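> Take this sequence and fold it.
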Amino acid sequence: MEVVNKGNMLDQKSKLNKFGLEHCFHHIEIMSDKQESDYLKLIKHLDIQLTVFLMTGNSLKSNVMPVFSIGRHLVHIP
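The predicted structure is shown next:
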């Protein structure tokens with residue numbers, strides 16, 4: 001399982017470390033932006049089949065809409 005966060009790399013990694021979650025993920029990606037092209041680049045880099053990609057997130061702008069636009073599965077958790 002991978003985790004994708006947006007924001008300052010040190011801040012995001014320290015949050016994962018603080019809650020002891022780093023070991024739960026085989027890849028951690030911190031993005032400066034989350035657009036359709038960013039998700040497609042990540043999916044290609046990680047060699048993930050599009051049919052099994054699932055995004056779970058709380059932001060309509062950066063989690064839901066870009067993933068919806070590329071036709072992938074998603075779960076919105078407000």
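> End to end on stretch 50-68, go ahead and measure it.
Using Cα to Cα, to the nearest Å, the end-to-end distance of stretch 50-68 comes to 12 Å.
> Quick check: the spatially most distant residue from the centre of the chain vs residue 46, distance?
For the chain, the residue at maximal distance from the C-alpha centroid (Cα atoms, centre = their mean) is residue 18, at 19.1 Å. Residue 18 is 25 Å from residue 46, where distance means Cβ to Cβ, to the nearest Å. Backbone N, C-alpha and C define where each C-beta goes, glycine included.
> And residue 15, by the same measure?
Distance, residue 15 to residue 46, using Cβ to Cβ: 21 Å.
> Identify the residue spatially nearest to residue 34, adjacent ones excluded.
residue 62 (3.9 Å; Cβ to Cβ, 6 or more residues apart in numbering).
> give me every residue that touches that neighbour.
6, 33, 34 (Cβ atoms under 8 Å, 6 or more residues apart in numbering).
> Can you classify it by secondary structure?
Of the three states, residue 62 takes helix under DSSP: H, G, I helix; E, B strand; the rest coil.
> Helix, strand, or coil at residue 5?
Following three-state DSSP, residue 5 is assigned to strand.
> Does it touch residue 29 like I think?
Yes. At 7.4 Å, residue 5 counts as touching residue 29 under the criterion of Cβ atoms under 8 Å.
> what's the helix or strand for residue 28?
strand 27-31 (DSSP states H and E).
> Could I get the buried residue list for that strand?
Residues of strand 27-31 classed as buried: 28, 29, 30, 31 (neighbour count, 16 or more other Cβ atoms under 10 Å).
> and if you look at stretch 71-78?
Buried residues in stretch 71-78, defined by neighbour count with 16+ other Cβ under 10 Å: 72, 74.
> I'd like the average pLDDT over it.
Average pLDDT, stretch 71-78: 90.
> Leaving out sequence neighbours, find the closest residue to residue 21.
Counting by Cβ to Cβ, 6+ apart, the residue nearest residue 21 is residue 3, at 7.9 Å.
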